[in-house]
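Trainee: show me how the following folds:
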Amino acid sequence: MTNKTIRKIADAWKVEKRPYVKQSTFAAYMLILENHILPSFGESCELSEKHVQAFVLEKLDAGLSAKSIKDILIVLKMVMKFGVKNEWMNYYEWDIKYPTVQSNKEIEVLTVQNHKKILDFIHDNFTFRNLGIYVCLSTGLRIGEICALKWSDIDVNTGTVTVQRTIERIYVIEGETKHTELVINTPKTQNSFREIPMSKELLSIVKPLKKVVNDDFYVLTNENEPTEPRTYRNYYKKLMEQLKMPQLKFHGLRHSFATRCIESNCDYNTVSVILGHSNISTTLNLYVHPNMEQKKKCINKMLKSLGK
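Mentor: Okay, here's the model as predicted:
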């Protein structure tokens, strides 16, 4: 066996991996390698559990979330398995421990009153960029999905919005040169390809527009060129300030839509499909937190079925 450093193995792994993953995924891998893995382990020829556990605790102390660290370890394991396959290093299984954390913070959402206030304002103050916010509050689209939405994705005959692309700015590392690129890609996962029914209100807004717009144009700009998420996020922030809304990240629009669905007793699986989650557990973990009143109702319903 010819031992190689993790840096050398990573160089070969990059060449092997590049043709098989999306450009944005590859860019994310490169960032993880450059910022985390190579500075800590680049010159190592093997990694024990002790070294990796120390790395994890160091990153937690530096303020990284457990999820971010797990993403780093996924890339590290891919590189190491590639090294083992080519007989360049020995592979060790790790059992990494993470400190127990308190239960998840509550997600931030609009109140019903504010949700309605934004929809009403946009209905009375139409612009194409405002329409995007209305669409997100009515369908749960992600920011990259609304920025990449074209008029051809809106079908007023079936009353549906089809999600089939997303747009994001990625950080590209090529040798010594680093730059960013705006890329239009397929959605996040296979489940993110989806058709979402439009509400009657949304349909009444887009129906007359569909008669006059160019199907190849992007909805937010009504032009041949899209707007990028960063720019649209800034626009949203200013609009929320204008409406004197509490500070809420753009993704909070998606959370608000999902929360309203759950509050309306929509079927969890249907909500999961509309949101494009790859697994219903994501939907349940994020949005389904029954309060005591709901728990009591559930118990009473169960007892009633037993004739009690």
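
Trainee: show me the contacts for residue 91.
Mentor: 80-81, 83-84 (CB atoms under 8 Å, 6 or more residues apart in numbering). Where C-beta positions appear, they are placed from N, C-alpha and C, glycine not excepted.

Trainee: ok, 6 Å please
Mentor: Each residue near residue 91 by CB atoms under 6 Å, 6 or more residues apart in numbering is listed here: 80, 84.

Trainee: what of residue 274?
Mentor: residue 196.

Trainee: just the helices in the stretch 1-150 of the chain please.
Mentor: Applying DSSP state H, counting those that start in this stretch to the stretch 1-150 of the chain gives helices spanning 6-17, 23-32, 38-41, 49-61, 66-85, 112-124, 128-139, 143-147.

Trainee: doesn't residue 161 fall inside a helix?
Mentor: No: according to DSSP: H, G, I helix; E, B strand; the rest coil, the state of residue 161 is strand, so it is not within a helix.

Trainee: for it, give me the pLDDT.
Mentor: In the predicted model, residue 161 carries a pLDDT score of 97.

Trainee: for it, which non-adjacent residue is closest in space?
Mentor: Excluding its sequence neighbours, the residue lying closest to residue 161 (CB to CB, 6 or more residues apart in numbering) is residue 196, at 4.8 Å.

Trainee: just how off-centre is whatever helix or strand residue 285 lives in within its chain?
Mentor: Here residue 285 is covered by helix 280-287, with elements defined by DSSP states H and E. Computed by CA atoms, centre = their mean, to the nearest Å, the chain-centroid distance of helix 280-287 equals 14 Å.

Trainee: list the buried residues of it.
Mentor: 283-284, 286-287 (16 or more other CB atoms under 10 Å).

Trainee: would you mind confirming that the residue nearest to residue 161 makes contact with residue 138?
Mentor: No: using CB atoms under 6 Å, residue 196 is not in contact with residue 138; the gap is 8.7 Å.

Trainee: quick one on the thing from earlier: tell me the one of the buried residues of helix 280-287 nearest residue 179?
Mentor: For those, the closest approach to residue 179 (CB to CB) belongs to residue 286, at 34.2 Å.

Trainee: what separation do you get for the closest one and residue 248?
Mentor: Distance, residue 286 to residue 248, using CB to CB, to the nearest Å: 16 Å.

Trainee: cool, residue 5 as well?
Mentor: From residue 5 to residue 248 the distance is 46 Å (CB to CB).

Trainee: picking up where we left off before, keeping just the C-alphas, turn the helix or strand following the helix holding residue 285 into CSV.
Mentor: Sequence-wise, the next helix or strand downstream of helix 280-287 (DSSP H and E) is helix 292-305. What follows is helix 292-305, C-alpha atoms only, in CSV (Å, rounded to 0.1, in the frame of the first residue of the first chain):
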residue,chain,number,x,y,z
MET,A,292,-51.7,20.5,25.2
GLU,A,293,-55.2,21.3,23.9
GLN,A,294,-54.5,19.3,20.7
LYS,A,295,-53.1,16.4,22.7
LYS,A,296,-56.3,16.3,24.9
LYS,A,297,-58.5,16.3,21.8
CYS,A,298,-56.5,13.4,20.4
ILE,A,299,-56.9,11.3,23.6
ASN,A,300,-60.6,12.1,23.8
LYS,A,301,-61.1,11.2,20.2
MET,A,302,-59.3,7.9,20.8
LEU,A,303,-61.4,7.1,23.9
LYS,A,304,-64.6,8.0,22.0
SER,A,305,-63.8,5.4,19.4
